[in-house]
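Asker: Quick one, what's the 3D model for this:
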Amino acid sequence: MKKVMVFGAFDGLHPGHLDFFRQAKKYGDFLIVSVGTDKNVEKIKGKKPLFSQGERLKLVKNLKIVNRVVLGTEKDDFFKHHIKNYAPDVICLGYDQWASEDKVRTELDRVGLSGTRVVRLGPYRQTRAKSTQLKDKSVDF
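Answerer: A predicted model of the protein is given here:
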C-alpha cells in the first residue's frame, strides 16, 4: 500500500481543497491528511483560523477520499516528530504552500525517509477557491 501525505489548515473546505486531495490520491492508495493546529495556523498565516482544529479535523474526516486524518504537531522538529511517524511514500505539496521541495527533501533525508518522493501539485483554478480569497469579501467570484 502506497501512502500519500498532505498538510494544511483546511479552514473552510472548498473545491480547491477537494481537488488538492484528488490530485494527491493519484500518487498512492492511502491518503493521510495532516490538519494544522490552531497555534500553527495562526503562526503561519498571521491570524486565527475561522474554525477550531477540532472542527477542521471533523470536516476532513467526513471526506470519503481521505483515509486518515491526523492533527499536526507543535514540536520543533516537525519531520522527526510527525512525518516520520507516518512514513509516507509520497508527500504532496500544494501549489501555494511555502515549503520548497528541496527543503522538504533535505529534511526527509535527515530523518531517514530518503525514499519518500516529494511532489508539488497544481492549482485547482488560478483565481478561484483559494481560502484567502474566499475570506476576502472584495474578491468577485
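
Asker: in this structure, what spans have low per-residue confidence?
Answerer: Where the chain drops to pLDDT under 70, the residues are 126-141.

Asker: where do the strands sit along it?
Answerer: Secondary structure of the chain by DSSP state E: the strands cover 3-8, 30-35, 68-71, 90-93, 117-120.

Asker: who does the second one touch, helix- and strand-wise?
Answerer: Secondary structure elements in contact with strand 30-35, counted by 3 or more C-beta pairs under 8 Å, 6 or more residues apart in numbering; DSSP states H and E, are strand 3-8, helix 15-25, helix 53-61, strand 68-71. C-beta coordinates here come from the backbone N, C-alpha and C atoms, glycine included.

Asker: Which helix or strand lies directly C-terminal to the last one?
Answerer: The reference is to strand 68-71. Downstream of strand 68-71, the first helix or strand assigned by DSSP states H and E is helix 78.

Asker: I'd like the distance from residue 103 to residue 43, if you could.
Answerer: For residue 103, the distance to residue 43 equals 17 Å [C-beta to C-beta, to the nearest Å].
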